[in-house]
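Peer 1: Just need the structure, nothing else, for what follows:
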Amino acid sequence: MAHTCRGTINLATAHIDVEDACIIVLSDSGRTYYLKLSSEVERQCWVTALELAKSKAIRMRSNQSDDSGDEEPTSQSDKSELYTTLRTLASKLDDLSQCNDLIAKHGAALQRSLSELETLKLPAESGEKIKAVTERATLFRITSNAMINACRDFLELAETHSRKWQRALQYEREQRLRLEETIEQLAKQHNSLERACRGAPALPSSSTELSNASKGSWTDSWLGKRSHCLKARTRLVKGETSDEDEETEYFDAMESAPDFITVTTDPAEHRRTGSNVSATSSEQTETWNLDSQGFDLPHQASSSASASRSVKLNRKRRTHIPDKPNYSLNLWSIMKNCIGKELSKIPMPVNFNEPLSMLQRLTEDLEYHELLDKAAQCENPAEQMCYVAAFSVSSYSTTIHRTAKPFNPLLGETFELDRLAESGFRSLCEQVSHHPPAAAHHVYSKCGWTLWQEITIASKFRGKYLSIMPLGAIHLQFHSGRNHYMWRKVTSTVHNIIVGKLWIDQSGDIDIINFKTKDKCQLKFSPYSYFSRDCARKVTGVVTDREGKANYILSGTWDEKMEFAKVVQSSQDGTSCEGKQKTVYQTLPPKVLWRKYPLPDNAENMYYFSELALTLNEKESMTAPTDSRLRPDQRLMENGDWEEANVEKQRLEEKQRATRRLREAEAVKALEEGRDCDAYKPVWFQKKEDSITGEEMYVYKGGYWESKEAQDWNLCPDIY
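Peer 2: Have a look, this model is predicted:
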């Protein structure tokens with residue numbers, strides 16, 4: 001340590017001694033200083049402080065000498081943090097040792113004073129000795145307090161870093177378990193490939209043709225999968241280089257393989273081998289026309305986009321909105337203050353939004369309502385189930401490019417979509433809860449069906465991606481036949497939240513149940529995988545009856561189309577390269593059940609809105625004062641005035657918070673007065689227990705359309 005001041009003494013090498021009751025001697029390299037204090041107590045305080053400073057100076061010098069000889073770079077944050085922590089703990093430990101020595105020293109002096117006090121004979125000496133004992137007892141108390149404080153500091157520091165180290169240890173343990181599981185899966189796959197290579201017979205040419213023919217089809221042939229597995233294993237056995245090239249194929253783990261296999265058969269060939277088919281299947285085979293789309297229903301409209309829009313409209317709807325402005329935004333400046341918070345409680349600027357409310361996004365599920373119109377005409381429950389399944393998948397078709405966040409509805413906000421004259425249905429949504437956010441939805445169609453649901457959105461921000469989990473059941477009942485269906489939505493994931501281009505994926509399972517006939521449809525939304533040979537956004541499903549017999553196979557993608565095929569025969573097979581037994585379904589050629597409408601022109605500059613979405617925020621007359629179309633911040637954003645929209649959005653949210661505080665204050669006052677205080681109740685929906693599931697949910701209680709006709713909106717709150 002370099003010293004530039006004249007007369008400086010290095011405490012690391014200094015000698016501290018006591019010459020008299022009030023004098024301290026400091027000496028180093030021939031230089032000596034005498035410090036005179038007013039009392040022995042003050043002298044001892046100085047001695048304690050100087051000895052602690054000396055021990056710290058010795059540690060600092062040793063640390064500096066160690067750092068000077070360290071060849072590793074000090075810029076590594078983890079090593080630097082570890083070294084700093086260890087030095088701090090060592091410093092605290094040395095303080096404890098120093099205090100312990102001082103306590104022992106002063107304790108011995110106190111003991112000597114007490115011994116001298118016991119041997120006193122003259123009264124004159126008793127006063128001085130008692131004074132000395134008092135001073136030494138005071139010194140002992142001061143030193144003990146220093147010891148206690150040092151112990152407290154050491155304990156707090158140790159507890160803080162102990163929790164941190166426990167988390168790090170837990171993370172390392174989890175990583176080790178994941179690595180072990182991965183290695184175990186790789187070993188199982190390696191063993192499966194070896195067995196497939198050794199025991200599989202040569203593939204016939206017809207199988208190869210079937211595999212090649214199925215590449216353009218809606219299913220993957222089982223024989224094609226098997227040949228790919230054998231080819232991959234053959235390259236390894238022959239000892240080819242492991243370097244990556246254009247011919248190298250990568251596959252998902254075996255656990256992600258489909259649960260069943262489909263093989264398409266020729267309808268004419270199936271008629272000739274009708275001995276293994278039931279009468280129902282044979283009858284369906286005779287009417288299975290590949291040129292048609294969907295089932296051959298009496299008086300049904302075509303499912304193509306042109307036919308579905310041939311309805312004579314009562315009014316011309318708008319086909320465009322103002323282009324989206326190109327405003328830059330620093331994402332990290334906002335997200336760094338939002339870590340650990342619930343997404344619905346984060347005050348987001350409108351830069352992340354699209355000019356639609358969550359209630360309007362919920363209404364977008366009705367874009368392909370024609371599927372339910374056709375389902376209402378079906379007499380066969382299995383056929384009806386296919387259309388209901390296609391409708392459940394079609395609701396995700398608009399999300400492929402829609403990475404912006406819809407506006408969180410205000411409590412009491414509503415949205416109506418009255419298309420009774422144009423499309424035969426009318427829809428009503430209301431925000432029934434704010435925390436957690438929940439919306440109730442009711443749709444009536446004069447084409448023969450009613451749909452209702454209550455959706456609560458749970459979301460989690462996980463750094464790189466955002467998971468959106470809709471909670472709640474969707475109910476659908478057909479007026480003719482009284483078939484009652486229920487299903488739940490899958491999880492939506494928004495990737496590349498911080499860095500990269502945003503993209504959305506849907507994953508999970510949908511189980512659709514017909515509570516009257518006990519028919520079921522199990523739909524599987526496959527998550528995106530970089531190494532998968534399957535097409536992206538793939539959806540597969542099986543429609544079964546109450547006995548578990550498969551009637552139809554569904555396949556397609558949630559952003560493009562869905563196809564279905566009649567099952568004519570099923571069998572079990574256990575010779576797959578994954579080593580699992582699978583069901584092989586022999587089906588008729590597939591037919592298109594649903595196809596996505598093309599986006600309008602210039603959609604990329606209009607938030608990728610579909611034709612229906614472009615009309616949802618169009619101004620309507622005679623709507624309720626709480627309708628989403630009247631929300632000012634949303635309207636300003638649609639017009640391109642984003643700065644004014646941000647100001648208006650903050651005003652609306654603060655008004656909602658003030659209303660909530662007033663409601664909470666009234667509840668507290670009612671509690672103090674011993675009277676009941678009614679909680680917030682929605683205007684158009686009421687909570688009832690579902691007779692089928694036993695769950696409580698908000699259902700439409702009526703009165704909205706009558707109030708609209710009479711233009712009586714006295715029940716509506718002032719939310720804007």
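
Peer 1: Please count neighbours and contacts with C-alpha atoms only from this point.
Peer 2: Noted.

Peer 1: same for the longest helix along the chain, what does it pack against?
Peer 2: Secondary structure of the chain per DSSP state H: the longest helix is helix 123-199. Helix 123-199 is packed against helix 40-68, helix 77-118, helix 222-237, with contacts defined by 3 or more CA pairs under 8 Å, 6 or more residues apart in numbering; DSSP states H and E.

Peer 1: Next up, the contacts around the most centrally placed residue in the chain.
Peer 2: For the chain, the residue nearest the mean C-alpha position is Ser467 (2.3 Å; CA atoms, centre = their mean). By CA atoms under 8 Å, 6 or more residues apart in numbering, the contact set of Ser467 is Ser459, Lys460, Phe461, Thr491, Ser492, Thr493, Val494.

Peer 1: if we go to 10 Å?
Peer 2: Ala458, Ser459, Lys460, Phe461, Thr491, Ser492, Thr493, Val494, His495, Ile504, Asp505, Gln506 (CA atoms under 10 Å, 6 or more residues apart in numbering).

Peer 1: which phi and psi does it have?
Peer 2: phi -100, psi 130 (degrees, to the nearest 10).

Peer 1: Tell me which helix or strand the residue nearest to it when sequence neighbours are not counted sits in.
Peer 2: Once flanking residues are discounted, Ser467 sits nearest to Thr493: 4.6 Å by CA to CA, 6 or more residues apart in numbering. Using DSSP states H and E, Thr493 maps to strand 491-495.

Peer 1: any weak-confidence spans in the stretch 351-500 of the chain?
Peer 2: Of all residues in the stretch 351-500 of the chain, none has pLDDT under 70.

Peer 1: got the contact list for Ser394?
Peer 2: Counting by CA under 10 Å, 6+ apart, Ser394 has contacts 365-369, 371, 388, 557-562, 594-596.

Peer 1: change it to 8 Å
Peer 2: Ser394 neighbours (CA under 8 Å, 6+ apart): Asp365, Tyr368, Trp558, Asp559, Trp594, Lys596.

Peer 1: for Glu430, same thing?
Peer 2: Leu359, Gly412, Glu413, Thr414, Phe415, Ala439, Ala440, His441, Pro682, Trp684, Phe685 are the contacts of Glu430 under CA under 8 Å, 6+ apart.

Peer 1: let's go with 10 Å and repeat that
Peer 2: 359, 409-416, 438-442, 454, 626-628, 682-685, 698, 700.

Peer 1: so it bridges to which residues?
Peer 2: Thr414, Ala440 (DSSP bridges).

Peer 1: now it: how far from Glu194?
Peer 2: Distance, Glu430 to Glu194, using CA to CA, to the nearest Å: 59 Å.

Peer 1: next one: Asp20
Peer 2: From Asp20 to Glu194 the distance is 90 Å (CA to CA).

Peer 1: more crowded one of these two?
Peer 2: Between Asp20 and Glu194, counting by other CA atoms under 10 Å, Glu194 is the more crowded of the two (17 against 11).

Peer 1: List the residues that contact Leu371.
Peer 2: Counting by CA under 10 Å, 6+ apart, the residues that Leu371 touches are 294, 303, 384, 386-392, 394, 593-594.

Peer 1: In JSON lines: those, plus distance to Leu110.
Peer 2: Output for the contacts of Leu371, formatted as JSON lines (distance: CA to CA, whole Å):
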{"residue": "Gly294", "distance to Leu110": "102"}
{"residue": "Ser303", "distance to Leu110": "101"}
{"residue": "Gln384", "distance to Leu110": "97"}
{"residue": "Cys386", "distance to Leu110": "94"}
{"residue": "Tyr387", "distance to Leu110": "95"}
{"residue": "Val388", "distance to Leu110": "91"}
{"residue": "Ala389", "distance to Leu110": "89"}
{"residue": "Ala390", "distance to Leu110": "91"}
{"residue": "Phe391", "distance to Leu110": "90"}
{"residue": "Ser392", "distance to Leu110": "86"}
{"residue": "Ser394", "distance to Leu110": "88"}
{"residue": "Leu593", "distance to Leu110": "97"}
{"residue": "Trp594", "distance to Leu110": "95"}
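
Peer 1: Go through the residues you listed and flag which are in helices.
Peer 2: Those of these lying in helices (DSSP H): Gln384, Cys386, Tyr387, Val388, Ala389, Ala390, Phe391, Ser392, Ser394.

Peer 1: tally of neighbours for the second one?
Peer 2: Other residues near Cys386 come to 28 when the count uses other CA under 10 Å.

Peer 1: which residues touch it?
Peer 2: Per CA under 10 Å, 6+ apart, neighbours of Cys386: 294-295, 371, 375, 392, 521, 541-543, 551-554, 562-565, 593.

Peer 1: What's the PyMOL line that selects buried ones from those residues?
Peer 2: One line in PyMOL is enough to select the buried ones among the contacts of Cys386; burial here means 16 or more other CA atoms under 10 Å:
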select buried, resi 294+295+371+375+392+521+541+542+543+551+552+553+554+562+563+564+565+593
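
Peer 1: Now restrict the contacts of Ser467 to buried residues only.
Peer 2: Ala458, Ser459, Lys460, Phe461, Thr491, Ser492, Thr493, Val494, His495, Ile504, Asp505, Gln506.

Peer 1: The fourth one bridge partners, please.
Peer 2: Translated: Phe461. Bridge pairing for Phe461 - DSSP bridges - gives Leu466.

Peer 1: Any idea what the closest residue to Leu471 other than its chain neighbours is bridged to?
Peer 2: Spatial nearest neighbour of Leu471, excluding adjacent residues (CA to CA, 6+ apart): Thr456 at 5.0 Å. Counting by DSSP bridges, Thr456 forms beta bridges with Ala438, Leu471.

Peer 1: From Leu411, how far off is Thr456?
Peer 2: For Thr456 relative to Leu411 (CA to CA), the value is 13 Å.

Peer 1: again with Asp559
Peer 2: 32 Å.
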